[in-house]
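Peer 1: sequence and computational prediction follow.
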Amino acid sequence: MTTYFNEMYEKGRVRPHYRQLEDWTKAMPAELREMKQAEAEALFRRIGITFAVYGEGGDPDRLIPFDMFPRVFTAREWSRLERGIKQRARALNAFLCDVYGRGEIVRAGRIPARLVYRNAAYEKSVVGFTPPKGVYSHVVGVDLVRTGAEDFYVLEDNCRTPSGVSYMLENREIMMRMFPELFRENRIEPVDSYPEKLRRTLASVAPAKCSSDPTVVLLTPGHFNSAYYEHSFLADLMGVELVEGADLFVEGEFLYMRTTEGPKRVDVLYRRIDDAFIDPLCFRPDSLLGIPGLMDVYRAGGVTICSAPGAGVADDKAVYTFVPEMVRFYLGEEPLLNNVPTWQCGKEEDLKHVLANLSELVVKEVHGSGGYGMLVGPKSSKDQIAAFRARIEADPDNYIAQPTLALSTTPTFVNEGIAPRHVDLRPYCLVGERIELVPGGLTRVALTEGSLVVNSSQGGGVKDTWVLAE
Amino acid sequence: MLSRTADNLYWIARYMERAETMARLLEVGARMSLLPSAHGYRNEWDSLLQASGTAGGFAQKYRHARQRDIESYLFFDLDNPSSVASCIGRARENARIVRTALTAQVWDAINTAYQELRALERTPRDRLELSRLIDWTMNKAAIIRGSIDTTQLRNDGWDFLNLGYYLERSDNTARLMDVKYYVLLPRVEFVGSGMDNYQWATLLRATSAHRAFHWAYGGEVTARKIADFLILNPQCPRSLVSCMDGICGHLKRLEKAYGRPSRPREVAEKLATELEALSVEEIIEEGLHEFLSRFILEAANLSGVIFESYLSGDVR
């Protein structure tokens, strides 16, 4: 039987940084808790923080379940994480500049050329172009799990457009509104400077051709997108326009938006849509979401696109294995955060091991996301495993496998009271002229007993995440 | 401001005003059908569908004009693009798209109306009195309008919201008056009779202008006075003259804020000047229905010009 690291209790005794929360829950009768839970839900619905689940019908305005029991990090734990995350964000950006430039890391034989240049996310149209300040990924979401007091692992990196930061901010707002006393008694680092920091980060990478105060806009696929709330929320808090493809057009060497006063130039495009859709002339010709000619303007330095087209090559699950190598190669440092040991089914040796141990491993598609297309061995039936085996054998290159991690648990409100549930953490690291990280992140929690899958599309919930001040 | 944002704001206002008009129309219909009428209530309800421009859609769905079906069609039916439910749904969708251009209070008011509407949709129909639905709609429309008035910045977004309100209202006032025309169409000899005046008075009630009318005119309710009140009287908040005045004011503000000459302002001022120069005698001479039809067309033309100049994003 696996033992899981419990973030609140150690051998039945509460850890010091959770003590006040224990008093808080003890003093809260069940009726009050139910009332508060209903209040929180009403607040979320009223503010309109809902998300759509793909391919399922049902309530189109679904709420992500919110668990009121906060997750707590000490200042010491956080400062270690912070250094590790920033280090990783620097290495990933250095890697991107390199592989679209001279490709030193490949020449040095530290990563196989095939993994980089044959990668579906490798964007040939930007080879030789260096974006402003050498930044490709301006918001790096590093998904972390914990297995022990000092043991943190990076599950994956998100270099394109990691989502969920609005939940980090709203979870905090709602907790502060409902339980102000908790914030008076504990010294909790604030997270609400995130939108302003994001805006400054984006403005700091304005293109050379921009001579005045840069105009930043946020590009959304539109209001049918499941993350539309987040797009509109961030645009609002940053004080920038929220635009769709049809609001933008290219003329001469610049990008413009259509306004009631005529065309207005756009300098920085924070896009929340995939590479494949941003320019129908360059990528998918059937895309109605993008802006024809955008890539020409981009390559000529008329506009900065954040994240830069091609950034996806750094966050694919096969390249992931090499991130510690990137840290050593570019920064000359030892990685502060561990990778999860990963087997690549594309390698014969690894494939043999994976197929022999399917019932103990987690197998993922290289390009999958959102918890779709994965196998959690210990939680699957024989039939499910057999079916997945066939899929792996048909296309081994497309899969990687990892040991089933003993994810840490934190106390969570459930029907019967309070029970431990597994969690992960996604902090959002900002990369521009400077590298910044607000103290906090999005904690996702698997609400089903024993489940290790925290994705919101698979029934996961979210929690407020506290970093205590020194 | 993004042209699309301006467009969304403009339509939030238009849909909310339209929802309110639908509720007012339902009230007119319900009251008129309580009258002892020579043609039975069916005729009044028919005229209501005609005036709201929904007769075609209704006929496709139902064979006869039954009051209950008409109520459902005008209030709940999402197949009817002008039903109260459709209008509030679309207003909310437009608002969701431009959350960043609305204050928290305005969004909250619109979103709350939408959530309550969904609860109403789930309520068994026989537990919903028509009067309750009408009151609910007026109430929500007022709260939304009020939150816009008290919290929105007085910037160009404010102008586009108000342009939507005034344009829709002028169109709607004209259409409400036209119901009267359809009701009387089959029996011209009713004009000027006691029944005729009762129906006119109902129209006043539907525009919430009953008491206002008495303050402004006093004495007998006559068709002439009502036409004067709802078309030409600048004191009446729903009169065509008042709406045109509001439209001109907001277009002038935009012209000034943007520092560029505006064709919509020219078109609107021309229309307003013509309207102000008219007397009620001239309108009746032309024929009320003919006049109203002409006005509705001209107002539609003005919306087209506003779209081209500000909302389409094609202006360079």
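Peer 2: Happy to help now that I have it. Fair warning: this is a prediction, and the values are worked out from it, not measured in the lab.
Peer 1: for B:Arg154, grab phi and psi.
Peer 2: Backbone torsions for B:Arg154, taken as degrees, to the nearest 10, come to phi -80, psi 60.
Peer 1: now for it, how many residues are close by?
Peer 2: 8 (other CB atoms under 10 Å in any protein chain shown). In short, each C-beta sits where N, CA and C put it, glycine included.
Peer 1: spell out which parts of chain A neighbour chain B.
Peer 2: Counting by CB under 8 Å from any CB of the partner chain, the residues of chain A lying close to chain B are A:45-46, A:48, A:223, A:228, A:232-233, A:235-236, A:241-244, A:246-247, A:257-263.
Peer 1: contacts only, for the residue in chain B that chain A sits nearest to.
Peer 2: Nearest residue of chain B to chain A: B:Gly313, at 2.9 Å (CB to the nearest CB). Applying CB atoms under 8 Å, 6 or more residues apart in numbering or on different chains, we find B:Gly313 in contact with A:247, A:258-259, B:2-4.
Peer 1: show me where chain A has helices.
Peer 2: For chain A, helices defined by DSSP state H occupy the ranges A:19-26, A:30-47, A:75-99, A:104-107, A:113-117, A:165-178, A:180-185, A:194-203, A:228-238, A:275-278, A:294-299, A:323-326, A:348-356, A:382-394.
Peer 1: give me the buried stretch members for the first one, please.
Peer 2: For helix A:19-26, the buried set under the neighbour-count rule, 16 or more other CB atoms under 10 Å in any protein chain shown, comprises A:21, A:24.
Peer 1: repeat that for the third one.
Peer 2: Using 16+ other CB under 10 Å as the test for burial, helix A:75-99 gives A:77-78, A:80-82, A:84-99.
Peer 1: and A:Gly432, how many neighbours?
Peer 2: A:Gly432 has 21 neighbours, counted by other CB under 10 Å.
Peer 1: over to it: give its phi and psi.
Peer 2: A:Gly432 adopts backbone torsions of phi -140, psi -130, taken as degrees, to the nearest 10.
Peer 1: what's the burial count for the nearest residue to B:Arg224 once chain neighbours are set aside?
Peer 2: In this structure, B:Arg224 finds its nearest non-sequential neighbour in B:Val280, 5.7 Å apart by CB to CB, 6 or more residues apart in numbering or on different chains. Residues lying near B:Val280 (other CB under 10 Å) number 18.
Peer 1: can you list the residues of the stretch 201-316 of chain B near chain A?
Peer 2: So far as CB under 8 Å from any CB goes, the stretch 201-316 of chain B lies against chain A at B:254, B:258, B:260, B:310-311, B:313-316.
Peer 1: next step: those residues restricted to helices.
Peer 2: B:254, B:258.
Peer 1: just want the residue of chain A that's nearest chain B.
Peer 2: A:Arg258 (2.9 Å).
Peer 1: residues in contact with that residue?
Peer 2: Listed by CB under 8 Å, 6+ apart, the contact set of A:Arg258 reads A:247-249, B:2-4, B:313-314.
Peer 1: among the residues you listed, name the buried ones.
Peer 2: Going by neighbour count (16+ other CB under 10 Å), the contacts of A:Arg258 have A:247-249, B:2-4, B:313 buried.
Peer 1: now those in a markdown table, with distance to B:Leu102 and pLDDT?
Peer 2: A markdown table is the format used below for the buried ones among the contacts of A:Arg258 (distance: CB to CB, whole Å; pLDDT from 0 to 100):
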| residue | distance to B:Leu102 | pLDDT |
| --- | --- | --- |
| A:Asp247 | 18 | 95 |
| A:Leu248 | 22 | 95 |
| A:Phe249 | 26 | 95 |
| B:Leu2 | 14 | 94 |
| B:Ser3 | 17 | 96 |
| B:Arg4 | 14 | 95 |
| B:Gly313 | 20 | 89 |
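Peer 1: between those, which is nearest B:Ser239?
Peer 2: B:Ser239 has its nearest neighbour among the buried ones among the contacts of A:Arg258 in B:Ser3, at 30.7 Å by CB to CB.
Peer 1: would you agree the closest one is in contact with B:Glu308?
Peer 2: No - counting by CB atoms under 8 Å, B:Ser3 stays clear of B:Glu308, with 10.7 Å between them.
Peer 1: turn the contacts of A:Arg258 into TSV, columns for distance to A:Asn338.
Peer 2: Formatted as TSV, the contacts of A:Arg258 follow (distance: CB to CB, whole Å):
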residue	distance to A:Asn338
A:Asp247	44
A:Leu248	42
A:Phe249	47
B:Leu2	45
B:Ser3	50
B:Arg4	47
B:Gly313	50
B:Asp314	55
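Peer 1: among those residues, which ones are in strands?
Peer 2: A:248-249 (DSSP state E).
Peer 1: got a pLDDT number for B:Arg187?
Peer 2: pLDDT for B:Arg187: 46.
Peer 1: same thing with the one 4 residues further on?
Peer 2: According to the predicted model, the pLDDT of B:Val191 comes to 52.
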